[in-house]
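> Any chance you could fold what I've pasted below:
(2 chains)
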Amino acid sequence: MSPVRVFVPADAAALSVGAQAVARAIEAEAIARGAEIELVRNGTRGMLWLEPLVEVHTENGRFAYGPVAPRDVASLFDAGFLTGGGHRLAHGVVEAMDWMRRQSRVTFARVGEIDPLSLDDYRAHGGLKGLARALDASGAEIVEAVRASGLRGRGGAGFPTGVKWKTVLDAVVAQKYVVCNADEGDSGTFADRMLIEGDPFLLIEGMAIAGLAVGATKGYVYIRSEYPHAFRMMEEAILRARRAGVLGASVMGSGRAFDMEARLGAGAYICGEETSLLESLEGKRGVVRAKPPLPALQGLFGKPTIVNNLLSLAAVPSILADGPEAYAEFGVGRSRGTLPFQLAGNVKRGGLVELAFGATLRDLIEGFGGGTRSGRPIRAVQVGGPLGAYLPESQLDTPLDYEALASIGAMLGHGGVVVFDDSVDMAKQARFAFEFCAKESCGKCTPCRIGAVRGVETVDRIVAGVERDKNLAVLADLNQLMTDGSLCAMGGLTPMPVASALRHFPEDFRRAPVAQAAE
Amino acid sequence: MPDTSAWDDGKAREIVVRLAGLEGATLPILHALQDAFGFIHESATDLIAEALNLSRAEAHGVITFYHDFRRAPAGRRMIQICRAEACQANGCEDVVAELRSRHGVDVDKQNDDRLTIQTVYCLGNCALGPSALVDGELVGRLDAERLAGLCAGTSLEQAQIASGATR
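This is a model prediction of the structure:
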């Protein structure tokens, strides 16, 4: 009999609640009982409230158990979990779980299912099909497939990916680059991290396809230093892909070259902005560049460069493998395909939910999330990271697509959704938006560098009850100025959380001032 | 005065020379130096400027732009606690306040040869916050008591197990 495959995630989120100890306990218990198992360290399925989630491969499917603590391991063996036996932590077959069944997993289809560092596993689950197709196509054909899929930039701006690629394709120079932005700094987002830790070959495949499409032979993936696990995983996956001939001088034996490197950020949020990221990759301070010139024409080291978010590049292999029509069938209006939403903050069942565009925030937060973890009423939801709007409960029926959110003064961003209960003080959140901007501004443009500092001061005066009406007018003016005058989205969008807090939660800015406590 | 004796100019030069050929070598060099010595010594400015044909001002500018690069060694235990929105929604500010009032540890101030504890914004563990990166390993669902234990040097893995069990 072949050993039973037991899966314990090595994803950083699973590790953060004890997956390492669980893996060790299972190994020790198996040895003690003479049970033959093969322990696989997979990525996470994204059901993070169930981590550490242990899965067992049986002939009837993959049975899930969680959250497992080391002290549960003996009783799992007693219950016969190696053959899918019943247990108080059992959830049945993982694919049949409601939370998984109701998703449209395209980009994240393999995450949690496979051994992330096994190219054989990757291939056996449909990997490298897109790259094989790309090797049979011309650059123009690949770019056209991406355009026809309707894919838009998943970093937040939502720019059509095919149009960007066309610009780089049409540039006639010897050296071009593909740069993957994995500087996932938005609070409430973790899709990039989860994908790198759960299916890194997908990103490699996506980048290789991008390289073939536009004639770039070199790629960089820029990963933030707050993700040490993801960085190590990416480096190892690149080594293995190179050894297997997926990367290198002859991609899959085609005679065409593409290679890539992982680079580590250094704790600067602004480096998630594409031009600042390019400066950082070049070894400089992460200071934003003025546009034009577009990075597509003068990007890394002044060469034409595709700069795409990780989720955009990771969507490409399935677009090539299954055809652009299949991808475009998901979604609504001009928002085609799927988006991996990340459900975070004060929520009972947080995690990654990949859905076609068009589901509502309420589906996501109440249906998937089960409401707040604290059990108190939802008061505000921040969508799209620190630069995204705070929405009140009354707007939870808004469909999640680029246009619908823009129409209510919000944005989808990178798909992060952070839930707050009724204990939140929205004036404090508005102040934090400015404080964060002041700390992370690159300093190049005045509206952002100075405006953020003035914003903190102005909110403080409003809260303290100092000439409230006048200071509220100053704040409105400052918001407008930062929106209109900043060089990039950092200064330009910091007013979004502030203005939305003012609009939907004005009472928090008009409370009776608390007497200053003596320090 | 922080103890900077771990720095070795000769070894540092070897690292710089080994990596200088990379495209955009500055950040890889700085990370490698910090990995090797725990911090970036002043003398790195000259080494890097010379190897990469930069002005000293340019090299200094890069080192000081990024939050990660330390000019002096960190404590033996290094804790980076997330204080961004998703962890705020799960009460990270209460944890920080309680750590100060009940346990006498002040985030962003405590920095000696025993402990460095500082604020970061987002560790990508937003569904299991409050979170911290402790000596490079992630711990979720933190409360003040477990964080105080970690500050005092208790086992990282025990904290992770306890975080899982408290849910």
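> Tell me if the helix or strand harbouring A:Ala314 is near chain B.
Using DSSP states H and E, A:Ala314 maps to helix A:310-322. No: counting by Cβ under 8 Å from any Cβ of the partner chain, no contacts exist between helix A:310-322 and chain B, the nearest distance being 12.1 Å. (Glycine included, C-beta is placed from N, CA and C.)
> One more: stretch A:452-469?
No: using Cβ under 8 Å from any Cβ, stretch A:452-469 stays clear of chain B, with a minimum separation of 14.2 Å.
> same deal with stretch A:381-398?
Yes: Stretch A:381-398 is in contact with chain B by Cβ under 8 Å from any Cβ, via A:Gln382, A:Pro386.
> How confident was the prediction at the residue in chain A positioned nearest to chain B?
Residue of chain A nearest chain B, by Cβ to the nearest Cβ: A:Gly350 (2.7 Å). With respect to pLDDT, A:Gly350 scores 98.
> Excluding covalently adjacent residues, which one is nearest to it?
B:Ala127 (2.7 Å; Cβ to Cβ, 6 or more residues apart in numbering or on different chains).
> That neighbour and A:Val40, how far apart?
23 Å (Cβ to Cβ, to the nearest Å).
> Neighbour count: those two, which is higher?
Using other Cβ atoms under 10 Å in any protein chain shown, the more surrounded residue of B:Ala127 and A:Val40 is B:Ala127, with 29 against 19.
> so what's residue 97 up against?
You didn't pick a chain, so chain A it is. Contact partners of A:Met97, counting by Cβ atoms under 8 Å, 6 or more residues apart in numbering or on different chains, are A:Met47, A:Ala64, A:His91.
> Need the three-state assignment for the second one.
Just to be clear, that refers to A:Ala64. strand (DSSP: H, G, I helix; E, B strand; the rest coil).
> what does the one 3 residues further on give?
Classification of A:Pro67 into helix, strand or coil gives coil, according to three-state DSSP.
> In chain B, which residue sits nearest chain A?
For chain B, Cβ to the nearest Cβ, closest residue to chain A: B:Ala127, 2.7 Å.
> how far is the helix or strand bottoming out on mean pLDDT in chain B from where the chain is centred?
Lowest by mean pLDDT, DSSP states H and E among the helices and strands of chain B is helix B:156-165, with a mean of 90. The chain centroid and the centroid of helix B:156-165 are separated by 21 Å, computed with Cα atoms, centre = their mean, to the nearest Å.
> who does it touch, helix- and strand-wise?
For helix B:156-165, the elements it packs on are helix A:19-33, strand B:137-139, helix B:144-151, judged by 3 or more Cβ pairs under 8 Å, 6 or more residues apart in numbering or on different chains; DSSP states H and E.
> So for B:Met1, what's the pLDDT?
Per the predicted model, pLDDT is 52 at B:Met1.
> Packing partners of the strand or helix carrying A:Arg503?
A:Arg503 is located in helix A:495-504, with elements delineated by DSSP H and E. Counting contacts by 3+ Cβ pairs under 8 Å, 6+ apart, helix A:495-504 is packed against strand A:378-383, strand A:390-392, helix A:426-440, helix A:468-485.
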